[in-house]
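# Sequence plus predicted model, see below.
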Amino acid sequence: MVNPSAMRVLLVSLVLTIWLVGCSGADPDNLRPWEKRDQSGSDAPRTKDYGSKLEEGKPYVVVKGDTLYSIAFRLGIDFRELAARNGIQSPYIIKVGQTLRTAKPAAKPVKAASKPMPKAPKVAVKASSPSKNTNKSAPKQAKVTSVTKPSSKTQASSDNVNKSQPVSRWRWPSAGKVVRTYSSNRHKGIDIGGKRGDPVRAVAAGKVVYAGTGVTGYGSLLIIKHNDTYLSAYGHNERLLVSENMNIQAGQQIATMGSSGTDTVKLHFELRRRGQPIDPLTLLPRRR
């Protein structure tokens, strides 16, 4: 016969379990890999700081999912600097297994100025009389082909293509409140709170240069290149709605907010100027 007191305890435990699962918004048995807790049972997030910053100077072997931009992002340097160190030209394609040099190039030794050679003394030469043999023809002159310089129209067109377009207006990536501000030492951006599934939008027009989960601490991450100066990064997304090499419009929804790589639903947002993190609040419009 079942003890009534034991039955009541069992029922209360079952109700509490159902209630807790409902409040969490996710089935514990069906959590995504990045939402699972540490095996130690601690409720603390797996990573306190953002990104396993790569050690500049150590060679890096490209793995699946890497892009030149994501590697430069982890190094904290401009993508063009990393490309230059490895002789990689635009469109900056890298291959799995390729070893990249991350060290700064060694300074070239300054050559000592060589002393000018003394000029040889001039020797007067008498003009010879014209040759009597008129049957021999004078040697032919070599043809000189002039190099045609590009027209001013062609040059102007090339300059326009390579010119960095400034961002005239920055937009907020999410409507939520800022729950953690920028810190140059520990927190390279801002955290914006919200609900799971809230829209995440591009702060300016640009091109997606990274979409994946290969950057430690950021969960499901998007990086957008806006011009040769600025990159923006969006971390902890639930779903990515765009893929690499897609052109993005300002204000376009690019993801949904989630908790990938962290313990709470939020958007981690960064702005990088020439590879260096800056406080996004210095560029985002002021909220009333």
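Sure thing, it's come through. Numbering: from 1, shown residues only.
# tell me the pLDDT at Ser114?
pLDDT for Ser114: 59.
# How about Lys149?
38.
# just Gly76 next, same as before
Looking at Gly76, its pLDDT stands at 85.
# From Arg288, how far off is it?
For Gly76, the distance to Arg288 (CB to CB, to the nearest Å) stands at 34 Å. For glycine as for every other residue, the C-beta is placed from the backbone atoms N, C-alpha and C.
# Mind checking which of these two has more residues around it?
The residue with more neighbours, out of Gly76 and Arg288, is Gly76; 15 against 3, by other CB atoms under 10 Å.
# Can you tell me how far that one is from Pro105?
Per CB to CB, Gly76 is found 17 Å from Pro105.
# now the end-to-end length of stretch 280-288.
End-to-end distance of stretch 280-288 (CA to CA, to the nearest Å): 17 Å.
# ignore the last one, stretch 80-100
13 Å.
# what's the average pLDDT for that stretch?
Across stretch 80-100, pLDDT averages out at 90.
# Which strand or helix spans the closest residue in space to Gln165 that isn't next to it in sequence?
Using CB to CB, 6 or more residues apart in numbering and skipping residues adjacent in sequence, the residue nearest Gln165 is Asn227, 5.3 Å away. Assessed by DSSP states H and E, Asn227 sits outside every helix and strand.
# which parts of stretch 76-85 are buried?
77-80, 82-83 (16 or more other CB atoms under 10 Å).
# I should have written stretch 241-261 there, sorry.
Of the residues in stretch 241-261, 242, 244, 248, 250, 252, 254-261 count as buried by neighbour count, 16+ other CB under 10 Å.
# Then stretch 95-102?
So for stretch 95-102, counting by 16+ other CB under 10 Å, buried means 100, 102.
# out of the buried residues of stretch 241-261, who's nearest Ile71?
Taking CB to CB as the measure, Ile71 sits nearest to Glu244 out of the buried residues of stretch 241-261, at 14.0 Å.
# rewinding a little: verify the contact between the residue nearest to Gln165 and Lys207 for me.
No. Asn227 is not in contact with Lys207 according to CB atoms under 8 Å; the separation is 9.8 Å.
# Pull up the overlap in contacts between the two.
Overlap of the contact sets of Asn227 and Lys207 (by CB atoms under 8 Å, 6 or more residues apart in numbering) is empty.
# Give me the next element, helix or strand, following the worst-scoring helix or strand of the chain on mean pLDDT.
The helix or strand of the chain with the poorest confidence is helix 152-162; it has a mean of 31 (mean pLDDT, DSSP states H and E). Note on helix 152-162: by DSSP H and E, the next helix or strand toward the C-terminus is strand 178-180.
# Touching that following strand from outside, list them.
Under CB under 8 Å, 6+ apart, the answer for strand 178-180 is 187, 190-193, 266, 281.
# on that earlier part again, in strands only, show me the buried residues of stretch 76-85.
Of the buried residues of stretch 76-85, none are assigned to strands by DSSP state E.
# could I get those as JSON lines with distance to Leu68?
Shown next, in JSON lines, are the buried residues of stretch 76-85 (distance: CB to CB, whole Å):
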{"residue": "Ile77", "distance to Leu68": "11"}
{"residue": "Asp78", "distance to Leu68": "11"}
{"residue": "Phe79", "distance to Leu68": "6"}
{"residue": "Arg80", "distance to Leu68": "9"}
{"residue": "Leu82", "distance to Leu68": "6"}
{"residue": "Ala83", "distance to Leu68": "6"}
